[in-house]
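A.B. asks: quick one, what's the 3D model for this:
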Amino acid sequence: MGRKKKTLHDYAAEFSDLAVKRHVIEHKESGETAVVETLYCKSCEIPMRVRRDRILEHLASGRHYRNNTLVKHHGGARVPLLLSSASELGVGLPSSRLDASPFVSQPSQFVLPASASISSSSNTSCSLQSPSSSYHQPFGSVRPSSISSTTNVVPIREDPSTSASSSSSISSHSQMITSMHVKSSPLPSRPSSQKLVVSEASNSIASAGTVGRFSNSGQVSGSIGLALFGVGNGSKALFQSLRDETGCFLLYIVEDQLHEVERAFGAEFLTSTRVLREQDADIVLNDQRVSGVIVCCPPDEALDVVIDALRAGKGVFCEKLPSFDRQTAESCFHEADRCGRPLVCGFYKRFDPALQFLYKKVRDNQSLGKIHQISTVSRSYPAVSLDQVKKSGGIFYDVAVHDIDVVSWLLGESVPDIIFSLGHAFCSEMNTLKDADLATISMKFPSGAVVSLDISQHCTRNCDQRLEIHGSKGTLRMDNQNTLGISEYGTSSSFCSQSLAERYRDAYRMLVRHFLRTIQGKEAPFITKEQFLSTVKVAAAAEQSWQNGSAVDLRNEAMDVTVIKTEIQ
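C.D. replies: Okay, the predicted model is just below:
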């Protein structure tokens, strides 16, 4: 048996943003009536084509997102879509304008009984044609003056049982309405400051009067198509890099919390980027224009996104840990190898220009001789929210893990012999999460080098990021950086406040560019699977030492670090 064909009401029940509108058409001579039903978008006030892919494409568009937001700002009341000015329509309409361009490129399906016969005069500009000639004609601005008719057809009367909307005139070619062709007024142009505009009906990109087209590799004029999953837990420096980087184009943002998207990117940037909900992630994975996926989801949510993106042939940049389970995290790298796509980890501090300079001095030039000691200070400003702490895994997996990666990278040694941690939760809410907001981690590596990490989730008015390397031939120190070059200690007011995102803005910019080069095959991921897993293993041992109040000997192979982190309740 064949599959049952879905009706308009089935689609309206499936998608809450859609509804079925019913019109009644009267024939003036015979008095017969016919019912016409259309599927339309409640927010945009435009008819929809009864095809699932077209519906999903419209609901994922930036136009629908903006119109839906305007409707919500009006307390749930529907804001009419202005197809022409209020003076032309002869009615008073609210001043709020929804985004009306471009319209859905194909008409919705009409249902009309065969008994209804409606004729139209030839002097009307609303002409009905066969499907072959008007199937792809776009809807445009309809003016009542341009639909003047001397026929014996009474204008459409809307069924009072449905919601109110602007009335229009419908004509017929025989016994069934198949499509409509109307005059279209010029659509308003977008502001010139907009970078790129992605057409909803094609793969083309318009930029400053030029038009390009994505190739199968997801590139146009050197730009790489990207998609971003998760915004609430991502770094502001990363988002700024995506806005500023000219080598890529952000096609999609997948996030259920739409207010987080607006706060992170702003309305102007979103005019050229589609915002999707998580349930529509398949649209991103099936889009051949998308070459890379940036995952900012918490570790307990990132796994499925990473695996699905790799299997869809996308390169992946995972800002957080892909999983709290070590074996599961390792499987992500195996999947990347199997699919032949890059998996880039978000250890951003490696890409900081100052630390890159220190690495060359310490490792390449051997300027300090044998390394004896490394000390780091990492105090965050502003303090992260408790919700983010809970999702990211706490101070050892969201903060300390980056400094552990840096010292292991500088020393060229992956795992220390012994590790000991002390910590405390000065914030009472942090204590309820069974986590610390301050920690000191001491490590001794096989080479004899002693490392001390000073980590804090709180810092007043300014972030504190310092590092000192002491070797047999001298000492190098990285102090706090600001535009004035002035050090500040305990002053009453901050004259040059700097957040963590501002401090590592250049590091994130370099990391994003590195990710783009891995997609192009120009270089391999800088952080290898072995380095990543070793760093997470050390972070697990540091937390275990803090919880048990004793040192952890990593030379003991009996230590079970299969589960790196249990979920915070």
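
A.B. asks: pull the number of nearby residues for the residue nearest to Gly412 when sequence neighbours are not counted.
C.D. replies: Spatial nearest neighbour of Gly412, excluding adjacent residues (C-beta to C-beta, 6 or more residues apart in numbering): Arg363 at 6.5 Å. From N, CA and C alone the C-beta is placed, and that goes for glycine too. Arg363 has 15 neighbouring residues, counting by other C-beta atoms under 10 Å.

A.B. asks: His259 now?
C.D. replies: Neighbour count of His259, defined by other C-beta under 10 Å: 11.

A.B. asks: same deal with Glu523?
C.D. replies: 10.

A.B. asks: Ala541 and Asp553 touch, don't they?
C.D. replies: No - in this structure, Ala541 is not within contact of Asp553 by C-beta atoms under 8 Å, at 9.1 Å.

A.B. asks: comparing the two, which residue is more hemmed in?
C.D. replies: Taking other C-beta under 10 Å, Ala541 and Asp553 do not tie; Ala541 has more neighbours (27 against 13).

A.B. asks: just the element for that one, please.
C.D. replies: Taking DSSP states H and E as the criterion, Ala541 maps to helix 529-548.

A.B. asks: who touches that helix?
C.D. replies: With contacts defined as C-beta atoms under 8 Å, 6 or more residues apart in numbering, helix 529-548 is touched by 321, 326, 329-330, 333, 345, 347, 394, 396-397, 400-401, 404-405, 408-409, 414-416, 419-423, 436, 439, 441, 443, 551-552, 554, 559, 561, 564-565.

A.B. asks: averaged pLDDT, that helix. What do you get?
C.D. replies: For helix 529-548, the mean pLDDT works out to 94.

A.B. asks: in it, what's buried?
C.D. replies: Residues 529, 531-546 are the ones in helix 529-548 that count as buried (16 or more other C-beta atoms under 10 Å).

A.B. asks: now stretch 432-450
C.D. replies: Buried residues in stretch 432-450 (16+ other C-beta under 10 Å): 433, 435-443, 445, 449-450.

A.B. asks: so of those, which ones are in strands?
C.D. replies: Among the buried residues of stretch 432-450, the members found in strands (DSSP state E) are 438-443, 450.

A.B. asks: from these, which is closest to Ala302?
C.D. replies: The nearest member of those to Ala302, counting by C-beta to C-beta, is Ala439 at 23.9 Å.

A.B. asks: who's in contact with the closest one?
C.D. replies: With contact taken as C-beta under 8 Å, 6+ apart, Ala439 is in contact with 395-396, 400, 421-423, 453, 455-456, 542, 546.

A.B. asks: so which of those residues sit within strands?
C.D. replies: Per DSSP E, the contacts of Ala439 map to strands at 421-423, 453, 455-456.

A.B. asks: which among these end up buried?
C.D. replies: Judged by 16+ other C-beta under 10 Å, buried ones among those: 421, 423, 453, 455-456.

A.B. asks: out of those residues, which is nearest to Gly369?
C.D. replies: For these, the closest approach to Gly369 (C-beta to C-beta) belongs to Leu453, at 22.6 Å.

A.B. asks: ok and the strand or helix carrying Ile419 relative to strand 450-456, angle-wise?
C.D. replies: If you go by DSSP H and E, Ile419 is part of strand 418-424. If you take axes from the mean of the first three to the mean of the last three C-alpha atoms, to 10 degrees, strand 418-424 sits at 20 degrees to strand 450-456.

A.B. asks: any idea how far Lys6 is from Cys44?
C.D. replies: Using C-beta to C-beta, to the nearest Å, Lys6 is found at 21 Å from Cys44.

A.B. asks: ok, residues contacting whichever strand or helix holds Asp308?
C.D. replies: Under the criterion of DSSP H and E, Asp308 resides in helix 299-311. Identification of contacts with helix 299-311 by C-beta under 8 Å, 6+ apart yields 229-230, 281, 285, 293, 295, 297, 316, 318, 320-324, 328, 332, 335-336, 339, 341, 343, 391-393, 397, 565, 567.

A.B. asks: alpha carbons only: can I get the very next helix or strand once past that helix in PDB?
C.D. replies: Remark: after helix 299-311, the chain's next helix or strand is strand 315-318, criterion DSSP H and E. Taking C-alpha atoms only, strand 315-318 is exported to PDB below (Å, rounded to 0.1, in the frame of the first residue of the first chain):
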ATOM      1  CA  GLY A 315      35.700  19.500   9.300                       C
ATOM      2  CA  VAL A 316      35.100  20.000  13.000                       C
ATOM      3  CA  PHE A 317      36.400  22.600  15.500                       C
ATOM      4  CA  CYS A 318      35.400  21.600  19.000                       C
END
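
A.B. asks: mean confidence (pLDDT) on the helix or strand just after strand 315-318, please.
C.D. replies: Where DSSP H and E defines the elements, the next helix or strand beyond strand 315-318 is helix 326-339. Over the span of helix 326-339, the pLDDT mean works out to 92.

A.B. asks: what's the burial count for Pro353?
C.D. replies: 12.

A.B. asks: helix, strand or coil for the residue lying closest to it once chain neighbours are set aside?
C.D. replies: Using C-beta to C-beta, 6+ apart and skipping residues adjacent in sequence, the residue nearest Pro353 is Asp506, 5.7 Å away. Secondary structure for Asp506, judged by DSSP: H, G, I helix; E, B strand; the rest coil, is helix.
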